[in-house]
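# need a 3D model of the following:
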Amino acid sequence: MTSPLAQETSVSQGFSQQPLPTWRRAVLKVGSNLLTAGGQQLSPQHARGLADFVLASRAQGREIVIVSSGAVAAGRARMHEDAGGLVARQALAALGQTRMVALWQELLGAIPVAQVLLAHDDLRNRRRYLNARNTLLELLRLSAVPVINENDTVAVEELKLGDNDNLAAIVAALVDADLLLIASDVDGLYDAHPLLDPNARPVEAVAAVTPEVLAMAGAAGSTHGTGGMITKLQAATKAANAGITTVLFNGTRAETVALLGAGAFRGTRFAAASSRLAARKYWLRHAPGADARIRVDAGAARALASGKSLLPGGIAGVDGEFARGDIVEIVCDHVPVARGLVQYNAGEVRRLAGKQSREIETILGFSYGDEVLHRNDLVVLNEGATA
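Have a look, this model is predicted:
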């Protein structure tokens, strides 16, 4: 079966050649339809050109991390069985993961390929996040090519990262990449759906992903993948906030992929933000958090916006459960104010709400410090809402 996005490439045209930005380290995201060539099982048809680009880049002294889909498709082809639910997809991912990595190893020849599986908790927990970063940087130092995928076999539905576009953006920030390359089966972003609107025009450069840009995306997704244009725009936004340029291009077109090795591309370029968030602040803003909130009063919201820590006295209540060290959202009158690493668990914060910091040890019998969230462990989300 040919996917809607694959069909779209037959009518997509009009993107001009642009130079790639200067880069030393890149993350290359490869979608399921590229690895299956629109079919039901893994195929080197489109992946070979991308692997050649990786090899050419390494010969030029550059480093590439691959975020690759395709495990579930590979498992489905091996067992001749479709994925009917989460548990079935987990089993097929486990069956297909080795085949997907083996395909990359075959295409990259003598270059060592390292399989890295990341889950929601690896990106939410600061220690595991840094451990993942250290492992990936060491693999690059060893001249290996990390091939990353979500660890579907242990994920539960409510804790899934959901798509590899957003995972690739998080990985790009994780390894301090200069460039995020998203290889898709569409030529780039259009101002309307090119199959539905004959006047749809290519959008070659996006300065910022605004609501108007999001409205261009539509809802199309691939047959075998979990993403669509919306997730690519989400990924570009995350990368931009980390100071990383994103390039979206058609990985099914051999001539487009060949351009990459010559320092050029045809597709859409999403500019990096002019001011880069500090790595820790970026992680706090975008890493998956606990499904819980701390409610604060207006005075505490203003204090947070001015760069101060969250003290017990400004807390009005807690919604949901979280553990010490989780990332929790802070809200005032239902408006998100900040998010950060909490120093106490949900039950302890409920007991401390409205109290003075000097009372913490008396109330709990211990103290991890005067702050529920320290200013160095939080990022302000909506300063205007606290004015």
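# what separates Thr231 from Val209, distance-wise?
12 Å (Cβ to Cβ, to the nearest Å). In this view, the C-beta of every residue, glycine as well, is placed from N, C-alpha and C.
# let me fix that: Ala217
With Cβ to Cβ as the criterion, Ala217 and Val209 are 9 Å apart.
# who's more crowded, these two?
Val209 (21 against 18; other Cβ atoms under 10 Å).
# mind checking pLDDT for the residue nearest to the more buried one when sequence neighbours are not counted?
Spatial nearest neighbour of Val209, excluding adjacent residues (Cβ to Cβ, 6 or more residues apart in numbering): Thr237 at 4.6 Å. At Thr237, the predicted lDDT confidence score is 94.
# other SSEs contacting the helix or strand that contains Thr237?
Thr237 belongs to helix 229-241 when assigned by DSSP states H and E. Applying 3 or more Cβ pairs under 8 Å, 6 or more residues apart in numbering; DSSP states H and E, one finds that helix 229-241 contacts helix 164-174, strand 179-184, strand 189-190, helix 211-215, strand 245-250, strand 264-270, helix 279-286.
# residues touching the third one, excluding its own?
By Cβ atoms under 8 Å, 6 or more residues apart in numbering, the list of residues contacting strand 189-190 from outside reads 12, 200-203, 206, 213, 216-217, 229, 232-233, 248, 268.
# so after it, what's the next helix or strand?
Immediately after strand 189-190, counting by DSSP H and E, sits strand 202-203.
# same question for the last one.
The helix or strand immediately downstream of helix 279-286 is strand 293-296, counting by DSSP H and E.
# what residues sit buried inside that following strand?
Arg293, Ile294, Arg295, Val296 (16 or more other Cβ atoms under 10 Å).
# got it, and stretch 175-192?
Going by neighbour count (16+ other Cβ under 10 Å), the buried part of stretch 175-192 is 175, 177-190.
# which helix or strand contains Arg339?
strand 335-341.
# tell me which strands that strand pairs with, and in which orientation.
For strand 335-341, the paired strands and their directions (DSSP bridges) are strand 327-332 (antiparallel), strand 378-380 (antiparallel).
# out of these, which is closest to Arg24?
Closest to Arg24 of these is strand 378-380 (Cβ to Cβ; 27.1 Å).
# sorry, back to before: got a list of contacts for the helix holding Thr237?
Outside of helix 229-241, the residues within contact range by Cβ under 8 Å, 6+ apart are 29, 162-163, 165-166, 168-170, 172-173, 180, 182, 184, 186, 189, 206, 208-209, 213-214, 216-220, 245-246, 248, 270-273, 276-277, 282, 285-286.
# stretch 134-143: how far from the chain's middle?
Its chain's C-alpha centre and that of stretch 134-143 lie 20 Å apart, by Cα atoms, centre = their mean, to the nearest Å.
# could you give the average pLDDT over that stretch?
The average pLDDT for stretch 134-143 rounds to 95.
# quick one: mean pLDDT over stretch 31-46.
For stretch 31-46, mean pLDDT is 84.
# tell me which residues in it are buried?
For stretch 31-46, a neighbour-count test (16+ other Cβ under 10 Å) marks 31-39, 41-43, 46 as buried.
# for Gly49, which non-adjacent residue is closest in space?
Spatial nearest neighbour of Gly49, chain neighbours left out: Val257 (4.0 Å); criterion: Cβ to Cβ, 6+ apart.
# I meant to write Asp178 there.
Leaving aside its sequence neighbours, Asp178 sits nearest to Trp23 (Cβ to Cβ, 6+ apart; 3.9 Å).
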